[in-house]
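Asks: My questions are about this predicted structure, shown below with the sequence.
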Amino acid sequence: MQLTKHTNAIFWALAILLIYAPLFRASNIPLALMFLQMMSLSMLALIVFGNEAFSALRKSHLIIISLILLVPLTALLPIPGSLWSILPGREIYMPVMLSVSEIDEGFVKSLSLASSTTEYALWTLLTPLIVYIATVNLPRNHLYTLVYILLGMAVFQATLGLMQFGAGPSSPLYFGAGIDNAATGTWLNRDHFAGFLEMVFPISLALLAATVGKSKQTKSPKSNWRMKLSFMSSVKGNQATIYAFILILLILALIFTKSRAGVGLAMIGLFVSMFVFANRLGGNNVYGSVGTIIAVILVLAMIIGLAPVLDRFSADPMEDLRWTIFSSSMEGIGSYFPLGSGAGTFPISFPFFQPLHVDLFVNRTHNDYLEWIYNGGILSIVAIGMFFVLYINGWRRLWIQNRWGPFRFIQAGAGIGIFLMILHTTVDFNLHKPANAVFFAFILAIFFKTNTEEAEHQRHSRKQPRKRTRRMTDVEASAPVSTKHLSSQAVD
């Protein structure tokens, strides 16, 4: 995409949106969410009226975006009441609807159990989709800046979370949220804050791996070791120190969220990163096999050190209840299949399947996949399946054998962060939180972005003229040097 006024405007709008999204309860309150949606719609207008709108989107991605939008749009289709009443799961609502309203058998209703709720879900869904489209349409230099903004926001949130934990549950740093002593940042839920951190920390680890050992090898061992020792005082050495500090800060904040899933996924993320980055330190791996072995040892030490922390947070009040909700949600899925109940209608329809001994209001399944299928039926199953196919194919496109550029490292870190969220969302509802959905869409777009930096580097290298010096023959090397030639050199 060419650098135009539209491109710069999209960049600034996206930067503001990434900074704003988590500030007010992670946009989980109506006014904050409304402002987030307004910013995303203005960004969509900039994309549509740009010269190359949607040009960076591959056909498969356009298909899955359309499929995702079809889930709420299909549920809003109006159908006759006589047909609505015979659809799966709807018959139990007919006596209630006829008794509390003045409608008759000939009424027209949307496919969804609650059309207003589905409309709200549609508007909420638009924001992360627009963020994804905007991100893939931006050039790589803008994406570098946005990644740094993301890391800056993560550092701010992690610092706030550690201050919250240190100050205690009555600290004003919780902004009246009334949360137990745990790091939550500006989120209302520690698990959702942990979900944000686990998406971001692999990116800081990727930048660290891309920065360490960028200098070139030399044949002299003394020179090589001198170069390695002087690395820490160089610009790249300072960058590596900053990325290492960010990584440690994010992992510490993740630990002090006291989220079992968060700590467990941090261990998984470090383990996966070890395989992805250990043999690619700095692209050239200038520290050789020793550097790789040290990286593996450090990661394993961090994982072993986190194991007691995970045991410390072994008490989970939702552990038993979560499986009960899963079982009841499966019953609801079977009742509404294949059409689903309609996007966003889980909280109002689940009481029909909720066990009597569960005396709490259950607003989420604590498993996003089950809730999407509950609401969207077979369309959601197809969309989820297609997403996993695209994600696996994204790794296949990303993984090349030759030297990696810095942006490819960032993409690999983004892919690991997405993988951790894929796992986390099986036991929680992270992606139903607006801020987390925005960051997920942004990081996913980074991962899927077409990368041409290595090809550009090769083309640039071929264009550079090579200067060759003629090697002296043995006769020329043994010939006496002319005094006249030396005197001319002295004059020069």
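Replies: Arrived safely.
Asks: Helix, strand, or coil at Lys183?
Replies: If you look again at residue 183, you'll see it is Ala, not Lys. Three-state secondary structure (criterion: DSSP: H, G, I helix; E, B strand; the rest coil) places Ala183 in coil.
Asks: correct me, but it touches Thr159?
Replies: No - Ala183 lies out of contact with Thr159 (C-beta atoms under 8 Å); the separation is 9.8 Å. C-beta here means a position set from N, CA and C on the backbone, and glycine is covered the same way.
Asks: which residues are in contact with both of those two?
Replies: Residues touching both Ala183 and Thr159 (C-beta atoms under 8 Å, 6 or more residues apart in numbering): Ala253.
Asks: Same drill for those two, tell me which one is more crowded.
Replies: Ala183 (29 against 15; other C-beta atoms under 10 Å).
Asks: what separates that one from Leu18, distance-wise?
Replies: 21 Å (C-beta to C-beta, to the nearest Å).
Asks: Which residues are in contact with the closest residue to Gly161 other than its chain neighbours?
Replies: In space, and not counting its chain neighbours, Gly161 is closest to Ala183: 3.0 Å by C-beta to C-beta, 6 or more residues apart in numbering. Taking C-beta under 8 Å, 6+ apart, we find Ala183 in contact with Ala158, Leu160, Gly161, Leu162, Gln164, Phe165, Arg190, Phe193, Ala253, Phe256, Thr257, Lys258.
Asks: what sits against the third one?
Replies: Going back to what we said before, that points to Gly161. By C-beta under 8 Å, 6+ apart, the residues touching Gly161 are Ala183, Thr184, Gly185, Phe193, Ala253, Phe256, Thr257.
Asks: so where do the strands sit in the stretch 201-350 of the chain?
Replies: Taking DSSP state E, counting those that start in this stretch as the test, none of the stretch 201-350 of the chain falls into strands.
Asks: mind listing the helices for it?
Replies: Using DSSP state H, counting those that start in this stretch, the helices of the stretch 201-350 of the chain run over 221-230, 235-255, 260-277, 288-312, 319-336, 346-349.
Asks: among the ones you listed, where is the model least confident on average?
Replies: Among those, helix 221-230 carries the lowest mean pLDDT, a mean of 52.
Asks: Can you list the low-confidence ranges for the stretch 51-200 of the chain?
Replies: Across the stretch 51-200 of the chain, the ranges flagged by pLDDT under 70 are 51-55, 96-108, 178-179.
Asks: Just the angle for the top helix by length along the chain relative to helix 235-255, thanks.
Replies: Secondary structure of the chain per DSSP state H: the longest helix is helix 140-167. Note on geometry: by axes from the mean of the first three to the mean of the last three C-alpha atoms, to 10 degrees, helix 140-167 and helix 235-255 are set 50 degrees apart in direction.
Asks: Begin at 13, not 1, for the rest of this chat.
Replies: Yep, numbering from 13; the last one is helix 152-179 now.
Asks: Tell me the buried residues in helix 152-179?
Replies: Under the neighbour-count criterion of 16 or more other C-beta atoms under 10 Å, helix 152-179 has 152, 154-155, 158-159, 162-163, 165-167, 169-170, 172-174, 176-177 buried.
Asks: that's a helix at Ile91, yeah?
Replies: No - read with three-state DSSP, Ile91 is strand and lies in no helix.
Asks: how many other residues sit next to the closest residue in space to it that isn't next to it in sequence?
Replies: Beyond its immediate neighbours in the sequence, the residue positioned closest to Ile91 (C-beta to C-beta, 6+ apart) is Leu123, lying 6.0 Å away. If you count neighbours by other C-beta under 10 Å, Leu123 ends up with 20.
Asks: Leu123 against Pro84, yeah?
Replies: No - Leu123 is beyond contact range of Pro84, at 10.2 Å (criterion: C-beta under 8 Å).
Asks: what sits in contact with each of these two?
Replies: Residues touching both Leu123 and Pro84 by C-beta under 8 Å, 6+ apart: Gly354.
Asks: before we move on, back to that, from the chain's centre, how far out does the longest helix of the chain sit?
Replies: Here helix 152-179 is found 14 Å from its chain centre; the criterion is C-alpha atoms, centre = their mean, to the nearest Å.
Asks: Repeat that for stretch 432-443.
Replies: Stretch 432-443 sits 11 Å away from the centroid of its parent chain (C-alpha atoms, centre = their mean).
Asks: which parts of that stretch are buried?
Replies: Going by neighbour count (16+ other C-beta under 10 Å), the buried part of stretch 432-443 is Leu432, Met433, Ile434, His436, Thr437, Val439, Asp440, Phe441, Asn442, Leu443.
Asks: And the fourth one, how far from Ala424?
Replies: Plainly put, His436 is 19 Å away from Ala424 if you go by C-beta to C-beta.
Asks: and the gap between the residue nearest to Gly173 and Leu264?
Replies: 9 Å.
Asks: One more: Ile215?
Replies: Note on Ile215: its distance to Leu264, by C-beta to C-beta, is 17 Å.
Asks: who's more crowded, the two?
Replies: A side-by-side neighbour count of Ile215 and Leu264, using other C-beta under 10 Å, places Ile215 first with 28 against 16.
Asks: Okay, that one and Phe454: tell me how far apart.
Replies: To Phe454, Ile215 is 11 Å away according to C-beta to C-beta.
Asks: Next, show the common contact partners of those two.
Replies: Common neighbours of Ile215 and Phe454, counting by C-beta under 8 Å, 6+ apart, are Leu162.
Asks: contacting residues around the residue nearest to Ile91?
Replies: Taking C-beta under 8 Å, 6+ apart as the test, what Leu123 contacts is Thr86, Ala87, Leu88, Leu89, Ile91, Trp96, Leu99, Leu351, Gly354.
Asks: Mind giving me the ChimeraX select for these, buried ones only?
Replies: Burial among those is assessed by 16+ other C-beta under 10 Å; the matching ChimeraX selection reads:
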select :86,87,96,351,354
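Asks: would you say Val83 is within a helix?
Replies: Yes - assessed with three-state DSSP, Val83 lies in a helix.
Asks: ok, the closest residue to it other than its chain neighbours - how many residues close by?
Replies: Nearest residue to Val83, sequence neighbours excluded (C-beta to C-beta, 6+ apart): Gly388, at 4.0 Å. Neighbourhood size, Gly388 [other C-beta under 10 Å]: 28.
Asks: Pull the contacting residues for Gly388.
Replies: Gly388 makes contact with Val83, Ala87, Gly352, Ala355, Ala395, according to C-beta under 8 Å, 6+ apart.
Asks: now it: how far from Leu141?
Replies: Gly388 is 15 Å from Leu141, by C-beta to C-beta.
Asks: gap between the closest residue to Leu69 other than its chain neighbours and Ser182?
Replies: Spatial nearest neighbour of Leu69, excluding adjacent residues (C-beta to C-beta, 6+ apart): Val148 at 6.0 Å. Using C-beta to C-beta, Val148 is found at 45 Å from Ser182.
Asks: who's more crowded, the two?
Replies: A count of neighbours by other C-beta under 10 Å puts Val148 above the other of Val148 and Ser182, at 21 against 9.
Asks: I figured the more buried one hits Leu74, correct?
Replies: No - using C-beta under 8 Å as the test, Val148 is too far from Leu74 to be in contact (10.8 Å).
Asks: Look at Pro367 and tell me its secondary structure.
Replies: Assigned by three-state DSSP, the conformation of Pro367 is coil.
Asks: Tell me the secondary structure at Arg415.
Replies: With three-state DSSP as the basis, Arg415 sits in coil.
Asks: Count the residues that sit near it.
Replies: Applying other C-beta under 10 Å, I find that Arg415 has 14 neighbouring residues.
Asks: got it, and Ile260?
Replies: 14.
Asks: Lovely, talk soon.
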